[in-house]
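1. Prediction below, plus the sequence it came from.
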Amino acid sequence: MTEVREMTPADWPAVEEVYAQGIEDGEATFEVATPAWQSFDAGKLPALRFVAVDTGGALVGWIAASAVSARPAYSGVVEHSVYIDRSARGQGIGRLLLDVFIDAAEEAGIWTIQSSIFPENAASLRLHEAAGFRVVGRRERIARSGAGPHAGCWRDTLLIERRSAKVERD
């Protein structure tokens, strides 16, 4: 049984390892290297960081969010990332993390969760669609990949979002 709990600073080495796999695989991010803990910590909202841990205690995935803007009008909008260890993909861990994350986001007053996903990342698109996300746009040749098999290539991204039915928007 996989457990989801809040991310702690002590989780960083394992979180960073899973993040590095996503960078290396080339289908999860434009990043070319993992950040230092201090940068990650400063950029992610503390109440919206979770890890999935298997029965043996190994970290097998994580999810976290950043505010999209410091402007008050966007106070209920976040951009999230979810990464699953290669050895644990296809086992429902992404959905487990997303479900816990969505509940926590709504509890925190978040009305829109968004992300950008490469169109080729079919598994992530299916996962997010099953969790109530929808594609709201395509950004064509938005940036060049820096790592993985697409390094140096211009890539499109799909902008996805999930709007809360629980959080009131004035």
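-> The structure has been received and is ready for your questions. Everything quoted here is computed from the prediction, not taken from an experiment.

2. Please, where are all the strands along the protein?
-> Here the chain has its strands, by DSSP state E, at 3-6, 49-53, 59-67, 77-84, 112-117, 134-144, 154-163.

3. What count of nearby residues applies to residue 119?
-> 13 (other CB atoms under 10 Å). In short, each C-beta sits where N, CA and C put it, glycine included.

4. I'd guessed it sits against residue 158; true?
-> Yes: contact status for residue 119 versus residue 158: in contact at 5.5 Å, counting by CB atoms under 8 Å.

5. Can you check which residues contact both of these two?
-> Residues within reach of residue 119 and of residue 158 at once, by CB atoms under 8 Å, 6 or more residues apart in numbering, are 125, 138.

6. need the contact list for residue 54.
-> Residue 54 sits next to 2, 60, 88 when contact means CB under 8 Å, 6+ apart.

7. From what I see, the second one and residue 90 are in contact.
-> No: under the contact definition of CB under 8 Å, residue 60 does not touch residue 90, with a separation of 11.7 Å.

8. Same drill for the two, tell me which one is more crowded.
-> Neighbours were counted for residue 60 and for residue 90 using other CB under 10 Å; residue 60 has more, 23 against 8.

9. can you pull the contacts of the more buried one?
-> Going by CB under 8 Å, 6+ apart, residue 60 touches 2, 18, 52-54, 84-85, 87-88, 93.

10. Including pLDDT, could those go into TSV?
-> Formatted as TSV, the contacts of residue 60 follow (pLDDT from 0 to 100):
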residue	pLDDT
2	95
18	98
52	98
53	98
54	97
84	98
85	98
87	96
88	97
93	97
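
11. Give me the below-cutoff pLDDT ranges for this protein.
-> Scanning the chain for pLDDT under 70 picks out the ranges 170.
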